[in-house]
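Visitor: this one's sequence-less:
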């Protein structure tokens, strides 16, 4: 009982701002700054939600974030599952040293590599396209973390499973695809959630690589809800932020058991 009470108290700083954001998104603008403040309004309105779509191409920007995040997640799942299995099960000279080199990708801030990557993508003609957002996210730090999680999971699998598969005539690709991959669903779920979230919240890279509003992703779009005088359109911005946050909350609530189970099996704390 005490543990539940303590967790409830610790959850207040995280839950209250989200609840206030959702409640304020249906308030008329003057009520957002009312004194004394109120949580719920007696006159809810959805005008801010419709204005979010009419002020800029928010539906297109929403679709941009969705398809980029899905594509990045699929690429990361394939690459990390292959790389994690190779580092966990295939013995080759310099495997540990190479894995340490890969892990250093987690130590390099994205701000350090943004300038050379910009020059690289500029020469390739990919500026103001979604390719930099897909390639950088799918093959950078989120993929390194995903590879580490998959490696830890595959290390924990009993070796006897592979030995039995070899007796049945399966080669290395068959063992990975038909034995290890189906057993790795918890770890794959954790990787999928972490990767999707990293791509969904990406802000620096879209700001650097994208200039056209119709190509914006949601983090960029949220900063553009300003009036003719440069002031913040608070109710519209809160409505857009609510539409941005709620899908991720729903996905995490539905998949939290697989997420926790995947991290537990991979040995992460």
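Guide: The structure has been received and is ready for your questions. Since we're looking at a predicted model, the values are computed, not measured.

Visitor: list the contacts for the one residue sitting closest to the centre of the chain?
Guide: Nearest residue to the geometric centre of the chain (Cα atoms, centre = their mean): residue 197, 1.5 Å. By Cβ atoms under 8 Å, 6 or more residues apart in numbering, the contact set of residue 197 is residue 248. C-beta here means a position set from N, CA and C on the backbone, and glycine is covered the same way.

Visitor: now do it, the pLDDT please.
Guide: The confidence metric pLDDT takes the value 87 at residue 197.

Visitor: am I right that it is in a helix?
Guide: Yes - remark: residue 197 belongs to a helix, assigned using DSSP: H, G, I helix; E, B strand; the rest coil.

Visitor: how much space between it and residue 158?
Guide: From residue 197 across to residue 158, the span is 31 Å (Cβ to Cβ, to the nearest Å).

Visitor: so the closest residue in space to residue 27 that isn't next to it in sequence: helix, strand or coil?
Guide: Spatially, and ignoring its direct neighbours in sequence, residue 27 is nearest to residue 41 (4.4 Å; Cβ to Cβ, 6 or more residues apart in numbering). Following three-state DSSP, we place residue 41 in the coil state.

Visitor: same thing with the one 10 residues further on?
Guide: Taken by three-state DSSP, the conformation at residue 51 corresponds to helix.

Visitor: OK, contacts around it?
Guide: 233, 236, 239.

Visitor: for residue 71, state which of the residues you listed is nearest.
Guide: residue 239 (26.9 Å; Cβ to Cβ).

Visitor: for burial, what's the neighbour tally of the residue nearest to residue 27?
Guide: Taking other Cβ atoms under 10 Å as the criterion, the count of residues near residue 41 is 15.

Visitor: what does the helix or strand residue 160 falls within contact?
Guide: Following DSSP states H and E, one finds residue 160 within helix 159-167. Helix 159-167 is contacted from outside by 89, 174-175, 178-180, 183, using Cβ under 8 Å, 6+ apart.

Visitor: separation between the residue nearest to the centre of the chain and residue 183?
Guide: Counting by Cβ to Cβ - residue 197 and residue 183 are separated by 24 Å.

Visitor: try residue 250
Guide: Distance from residue 250 to residue 183, by Cβ to Cβ: 27 Å.

Visitor: with residue 29 instead?
Guide: Residue 29 is 53 Å from residue 183, by Cβ to Cβ.

Visitor: quick one, what contacts residue 215?
Guide: Counting by Cβ under 8 Å, 6+ apart, residue 215 touches 64, 128-130.

Visitor: which of the residues you listed ranks first by neighbour count?
Guide: residue 64 (22 neighbours).

Visitor: if we can go back for a sec, just the ones of the contacts of helix 159-167 in helices?
Guide: 89, 174, 183 (DSSP state H).

Visitor: for PyMOL, write a command that selects the buried ones of those residues.
Guide: Entered in PyMOL, the line below selects the buried ones among those, by 16 or more other Cβ atoms under 10 Å:
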select buried, resi 89+183
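
Visitor: closest to residue 37 among the ones in helices among the contacts of helix 159-167?
Guide: Nearest to residue 37, judged by Cβ to Cβ, of these is residue 183 at 51.3 Å.

Visitor: what about the residue lying closest to residue 224 once chain neighbours are set aside, distance to residue 37?
Guide: Once flanking residues are discounted, residue 224 sits nearest to residue 56: 5.9 Å by Cβ to Cβ, 6+ apart. Residue 56 is 29 Å from residue 37, where distance means Cβ to Cβ.

Visitor: for the two, indicate the residue with more neighbours.
Guide: Between residue 56 and residue 37, counted using other Cβ under 10 Å, residue 56 has the larger neighbour count: 17 against 10.

Visitor: which residue sits farthest out from the middle of this protein?
Guide: Of all residues in the chain (Cα atoms, centre = their mean), residue 167 lies farthest out, 40.0 Å.

Visitor: just checking, residue 180 touches residue 154?
Guide: Yes - counting by Cβ atoms under 8 Å, residue 180 touches residue 154, with 6.1 Å between them.

Visitor: which neighbours do these two have in common?
Guide: By Cβ under 8 Å, 6+ apart, the residues touching both residue 180 and residue 154 are 85, 89.
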